[in-house]
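Colleague: Below is the sequence, then the predicted model.
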Amino acid sequence: MNMTGISDFQLKVLALLQEDARMKPELIATMLDVAVEEVKEAIAALEQNNVIVKYATIVNWSKMHDEKVTALIEVQITPERGRGFDRIAEQIYLYPEVQSLYLMSGAYDLQVEIEGRSLKEVASFVSNKLSTIEAVLSTKTYFILKKYKQDGIIFEEHESDHRMMVSP
Amino acid sequence: MVNEASQQSSVPVQKRQMADYLNPEVRNIKPSGIRRFFDLVSTRKDVITLGVGEPDFVTPWHVREAAVMSLERGKTQYTSNAGMPELRDAICNYLDNSFQVQYDADKEVIVTIGGSEAIDLALRALITPGDEILIPEPCYISYSPITTLSGGVSVGIETYAKDQFKLTAESLKKAITPRSKILILCYPSNPTGGIMTYEDWLPIAKLVEENDLIVISDEIYAELTYGTKHVSFASLPGMKDRTVLVSGFAKAFAMTGWRLGYACGHPDIIAAMLKIHQYTVMCAPTMAQYAALEALTNGLEEKDRMIESYNQRRRIVVQGFREIGLECHEPQGAFYAFPSIQSTGLTSEEFAQRLLEEANVAAVPGDVFGLGGEGHLRCSYATSVANLSEAIERMGQFVYKLKNS
């Protein structure tokens, strides 16, 4: 066990699931040389503690000829006495258009990732919803032109195995 | 004038066939059985291959970048024959830290074009025609042909699944004659995955000492052991000067195509190898040497991650083979499993060929690796988990069909 109460074993399980969320507990048990019950227990505990938050699918929407528009918005805000940034952050992340929200060090405070069906929709979110929040001082919106890599996964397809089929 | 001259030559020259120009030693060498199997496999589509003898990782990006940077900075010249001094230093540090063997970077190390060149150099430098070279088998395919090319006589020593393909003192002793000069070792083993522990080594070292042998220890898979750390033959008491340690970057650092290896040993032997090396290849490729330096300097963590991943996949195949009814000793090194297919009643060649044709899975028939290989199949688990699972599924159906028809 390390200081966070997560064991090395749990870390190994997490690493495998992060690579492939559909990997079966039986296979994980074989790979880590433990009983399958141990794996199931570990996964249940990790789900229980919200360490495993969700099993989602990484989608390359551009291949679906989807016209979704994504923007990153730098937001400067005035923190609230006693509550800091958290309540304002909540006010922002509860909008379903918000894909991700980070509190940042540096020149601005929050980084908001917005997804919309059109440029207009994103613009309207920024002007009508985000900017009107009282604590928001300023916003800078950057549209994403192309996604090369997301969550550690490279989107560009390239042949991954260049090896000869049989070698000594 | 020309006509006149040709008319004057009274004895007609017996024209040679093209093959007659060839050195008979070379002509008589059989092409590798792996090559034959490769040709067979490459005619097919949708094959899952367990036949690949190299890592499925691409060389880590920082290592590739170091080579690119060396090109950008114009490092395109020869290096010293023995390899860049800073690389030789790094190799010595690494060997000391990882395997507790100490070498002098100036006199006891040579950087070569892969471990393969190091083996060739060592054999050429050491063999006097007629010497007997002891080779535990099944083993990597090049030792015996190179021995023959150098005028040596290879003497195979069979190892067995019941001993986890370890070399035993008993079988080594039986093979030793007054003409024995060199013992070639390759542990962790390609193709069996067998390893030798300190205790396994001691009686072997004793025989080497008693019979005044030299050892060429091919430790290319040294980093890939599971559950127990590799013991270098050179680290055993009294064995350093009797050992030419051969290794390289291919397997541990996923750098097969870079062709970079090294040999370490007694200064007299290294000097002799260096003579051949300087006349045949000058030096190992410079950009590959920069890449290797980066791998040793900043690549050790990445290497450990790769090893952990092989270990996980090793467990999948061993358990998988046992579940489908193929006996499989527990390989503790390299990235090969070497299951027995004897229970199917087929020879290795038959099994491998039919497995390919009927189940679209490629693996190398064990007999190509020499004595003791027949009845086995070399399966590399350096491929994705998805491929391994699918391959075992297909093999399971194939074996079931064989046993129930």
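Modeller: Received the coordinates, thanks.

Colleague: In the stretch 101-250 of chain B, what residue comes closest to chain A?
Modeller: As assessed by Cβ to the nearest Cβ, chain A sits closest to residue B:141 within the stretch 101-250 of chain B, at 5.2 Å. For the C-beta atoms, the positions are set from N, CA and C on the backbone; glycine is no exception.

Colleague: my read: that residue touches residue B:30, true?
Modeller: No - with contact defined as Cβ atoms under 8 Å, residue B:141 does not reach residue B:30; the gap is 10.2 Å.

Colleague: who has more neighbours, these two?
Modeller: Each of residue B:141 and residue B:30 has its neighbours counted (other Cβ atoms under 10 Å in any protein chain shown); residue B:141 has more, 19 against 10.

Colleague: show me the residues around the more buried one that make contact.
Modeller: A:168, B:32, B:33, B:34, B:368, B:369, B:370 (Cβ atoms under 8 Å, 6 or more residues apart in numbering or on different chains).

Colleague: Pull the number of nearby residues for the closest residue to the fourth one other than its chain neighbours.
Modeller: It stands for residue B:34. In space, residue B:34 comes closest to residue A:168 once its chain neighbours are excluded; the distance is 5.0 Å by Cβ to Cβ, 6 or more residues apart in numbering or on different chains. When counting by other Cβ under 10 Å, one arrives at 21 neighbours for residue A:168.

Colleague: Check residue B:201 too.
Modeller: Neighbour tally, residue B:201, other Cβ under 10 Å: 21.

Colleague: mind pulling up the phi and psi values for it?
Modeller: phi -70, psi -40 (degrees, to the nearest 10).

Colleague: thought it was touching residue B:234?
Modeller: No - with contact defined as Cβ under 8 Å, residue B:201 does not reach residue B:234; the gap is 10.6 Å.

Colleague: which residue ranges form the strands in chain A?
Modeller: Using DSSP state E, the strands of chain A run over A:69-77, A:98-103, A:110-116, A:136-143, A:149-150, A:153-154.

Colleague: Can you name the residues of the stretch 51-200 of chain B that neighbour chain A?
Modeller: By Cβ under 8 Å from any Cβ of the partner chain, the residues of the stretch 51-200 of chain B that approach chain A are B:51, B:52, B:53, B:54, B:56, B:140, B:141, B:142, B:190.

Colleague: any chance of those residues in CSV, with secondary structure too?
Modeller: Listed next are those as CSV, based on DSSP: H, G, I helix; E, B strand; the rest coil:
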residue, secondary structure
B:51, coil
B:52, coil
B:53, coil
B:54, coil
B:56, coil
B:140, coil
B:141, coil
B:142, coil
B:190, coil
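
Colleague: Which members of the residues you listed are the farthest-apart pair?
Modeller: Across those, the longest distance by Cβ to Cβ is 22.4 Å; it joins B:56 and B:142.

Colleague: And the one residue in the stretch 1-150 of chain B that gets nearest to chain A, how far from residue B:393?
Modeller: Closest to chain A within the stretch 1-150 of chain B is residue B:51: 3.7 Å, counting by Cβ to the nearest Cβ. Going from residue B:51 to residue B:393 by Cβ to Cβ, to the nearest Å gives 18 Å.

Colleague: Apart from its chain neighbours, what residue comes closest to residue A:13?
Modeller: residue A:42 (5.1 Å).

Colleague: give the contact list for residue B:394.
Modeller: By Cβ under 8 Å, 6+ apart, the residues touching residue B:394 are B:48, B:359, B:360, B:361.

Colleague: Ok, residue B:50 next?
Modeller: Residues in contact with residue B:50, defined by Cβ under 8 Å, 6+ apart, are B:361, B:362, B:363, B:378, B:379, B:380, B:381, B:383, B:388, B:391.

Colleague: tell me the contacts of residue 99?
Modeller: No chain was given, so I picked chain A. A:70, A:113, A:114, A:115.

Colleague: hm, I was asking about chain B
Modeller: Listed by Cβ under 8 Å, 6+ apart, the contact partners of residue B:99 are B:219, B:222, B:230, B:231, B:232, B:234, B:235.

Colleague: Which segments of chain A make up each domain?
Modeller: If you go by automatic domain parsing, the domain ranges for chain A are A:8-48, A:65-146.

Colleague: how about those domains in JSON lines, adding mean pLDDT and distance to residue B:336?
Modeller: As requested, the domains of chain A are exported to JSON lines (pLDDT from 0 to 100; distance: least, Cβ to Cβ, whole Å):
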{"stretch": "domain A:8-48", "mean pLDDT": "96", "distance to residue B:336": "18"}
{"stretch": "domain A:65-146", "mean pLDDT": "93", "distance to residue B:336": "42"}
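
Colleague: Residues of chain A that sit close to chain B?
Modeller: Residues of chain A lying near chain B (Cβ under 8 Å from any Cβ): A:16, A:20, A:23, A:27, A:30-33, A:161, A:163-168.

Colleague: what's the least confident helix or strand in chain B, going by average pLDDT?
Modeller: Sorting the helices and strands of chain B by mean pLDDT, DSSP states H and E puts helix B:2-8 at the bottom, at a mean of 55.

Colleague: can you map out the strands along chain B?
Modeller: All strands of chain B, identified by DSSP E, fall at B:48-49, B:109-112, B:132-137, B:153-158, B:180-185, B:214-218, B:243-248, B:261-264, B:336-337, B:361-362, B:364-365, B:377-380.

Colleague: Quick check: residue A:129 touching residue A:95?
Modeller: Yes - contact status for residue A:129 versus residue A:95: in contact at 6.4 Å, counting by Cβ under 8 Å.

Colleague: Just want to know which of those two has more residues nearby.
Modeller: Remark: of residue A:129 and residue A:95, residue A:129 carries more neighbours, 16 against 13, as counted by other Cβ under 10 Å.

Colleague: for that one, what are its contacts?
Modeller: residue A:95.

Colleague: show me where pLDDT drops low in chain B?
Modeller: B:1-9 (pLDDT under 70).

Colleague: Pop the domain breakdown of it in here.
Modeller: B:27-58+B:301-403, B:61-298.

Colleague: Make a markdown table from those domains and add distance to residue A:141 to it.
Modeller: Below are the domains of chain B laid out as a markdown table (distance: least, Cβ to Cβ, whole Å):
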| stretch | distance to residue A:141 |
| --- | --- |
| domain B:27-58+B:301-403 | 37 |
| domain B:61-298 | 32 |
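
Colleague: Of all these, which one is nearest residue A:77?
Modeller: The nearest among the domains of chain B, by Cβ to Cβ, is domain B:61-298 at 37.5 Å.

Colleague: hang on, the earlier thing: of the contacts of residue B:394, which is the nearest to residue B:338?
Modeller: Proximity of the contacts of residue B:394 to residue B:338 was ranked by Cβ to Cβ; the top entry is residue B:361 with 15.6 Å.
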